[in-house]
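Chemist: no sequence for this one, just the structure:
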């Protein structure tokens, strides 16, 4: 196996819609057109932001080295090292960094330093019209789910559920990231071939739809807000960490009672890392998933490389995909970048 540096060097809502009038090289686009951000190229500048939990200087130094290895420059958000209780600065300042990175012409992609908590607090403070006028790659996971879904829904831009800056940037993760964001491939995603991965079908079959989702806890906390996408005939992907199984049950029940689960065309549950059974008696996670998802009659499985794990896919939120629950694959039907 080549080392990482060798590997990297070998990489050769209708109200709002009436307000949005973006321009592209092709001229005026409908506000409902989903925009694909420009792909990354060697030498581009990535903007690093801390929209959620506190970040320290060592995290930033590590991230700068990681992106340098990718052949990318780094620009730090003005408030990236701020502290406000357990948050990386006041809401207005963290939102300022996001809005500024989108309008900064020198920045070609925006990556969150880490998750934690805090992104939901920023959603009313984002300038979705300006963001749509400056489509860029936005990437992260966990608490960053809030930003990915809101900007996808309100600004109609493809966003990316992928590694944060302090993630484990290993070869598996980098391979998918590069193929999606640099070369613009429409890839088919499948778990690493190791004995540690568990693929557990919930219901067989294939389905097509727009890929949407993220962290289950964050998504459940957004239900009832105006920052979620339309759910009809979508492929929902979920992941979580550190939750007792009864809490997963509670959150899936919330999605069901909100009418979301009955509208999707398929479901992928990635990894529920460190999710415990809690007190006995209890259900297993698969029993809970079977209870909620099985009766829907849609293709679904548990165990994809999505979540708080070292090997992870980069998932394009808003892109058309086909899933195969018989073998656990996610096939992109179009590139995610322009």
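Modeler: Cool, got the structure. Here the structure is a predicted model, which is why all the values come from computation and not from measurement.

Chemist: Leaving out the residues flanking it, which one is nearest to residue 330?
Modeler: Leaving aside its chain neighbours, residue 330 sits nearest to residue 189 (4.3 Å; criterion: C-beta to C-beta, 6 or more residues apart in numbering). The C-beta positions use only the backbone N, C-alpha and C, and glycine is treated the same way.

Chemist: Wait, residue 301 touches residue 270, no?
Modeler: No - the criterion here is C-beta atoms under 8 Å, and residue 301 misses it with residue 270 at 10.0 Å.

Chemist: For the longest strand along the chain, buried residues please.
Modeler: In terms of residue count, the longest strand belonging to the chain (DSSP state E) is strand 206-215. Within strand 206-215, the residues scored as buried using 16 or more other C-beta atoms under 10 Å are 207, 209-215.

Chemist: Equivalent analysis for stretch 234-253, please.
Modeler: For stretch 234-253, the neighbour count (16+ other C-beta under 10 Å) marks 234-241, 243, 245, 247-249, 251-252 as buried.

Chemist: wait, which of those residues is closest to residue 111?
Modeler: Lowest distance from residue 111 to the buried residues of stretch 234-253 (C-beta to C-beta) belongs to residue 239, with 18.4 Å.

Chemist: Quick check: bridge partners of that closest one?
Modeler: residue 215 (DSSP bridges).

Chemist: That one and residue 137, how far apart?
Modeler: As for residue 239, its distance to residue 137 is 20 Å (criterion: C-beta to C-beta, to the nearest Å).

Chemist: Compare residue 301 and residue 270 and say which one has the larger neighbour count.
Modeler: residue 270 (28 against 25; other C-beta atoms under 10 Å).

Chemist: Where does that one sit, in terms of helix or strand?
Modeler: Assigned by DSSP states H and E, residue 270 falls within strand 266-273.

Chemist: Packing partners of that strand?
Modeler: With contacts taken as 3 or more C-beta pairs under 8 Å, 6 or more residues apart in numbering; DSSP states H and E, strand 266-273 sits against strand 206-215, strand 234-241, helix 285-293, strand 300-302.

Chemist: looking at those, which is closest to residue 338?
Modeler: When the helices and strands packed on strand 266-273 are compared by C-beta to C-beta, strand 206-215 sits nearest residue 338, at 17.3 Å.

Chemist: Which is the succeeding secondary structure element to the closest one?
Modeler: On the C-terminal side of strand 206-215, the nearest following helix or strand under DSSP H and E is helix 216-222.

Chemist: Turn the helices and strands packed on strand 266-273 into JSON lines, including distance to residue 113 and mean pLDDT.
Modeler: Formatted as JSON lines, the helices and strands packed on strand 266-273 follow (distance: least, C-beta to C-beta, whole Å; pLDDT from 0 to 100):
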{"stretch": "strand 206-215", "distance to residue 113": "16", "mean pLDDT": "98"}
{"stretch": "strand 234-241", "distance to residue 113": "17", "mean pLDDT": "98"}
{"stretch": "helix 285-293", "distance to residue 113": "30", "mean pLDDT": "96"}
{"stretch": "strand 300-302", "distance to residue 113": "29", "mean pLDDT": "97"}
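
Chemist: Just put these in TSV and tack on distance to residue 259.
Modeler: As requested, the helices and strands packed on strand 266-273 are exported to TSV (distance: least, C-beta to C-beta, whole Å):
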stretch	distance to residue 259
strand 206-215	15
strand 234-241	13
helix 285-293	13
strand 300-302	18
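
Chemist: Okay, now the unreliable bits of the stretch 151-300 of the chain?
Modeler: Along the stretch 151-300 of the chain, the model assigns pLDDT under 70 to residues 194-196, 280-281.
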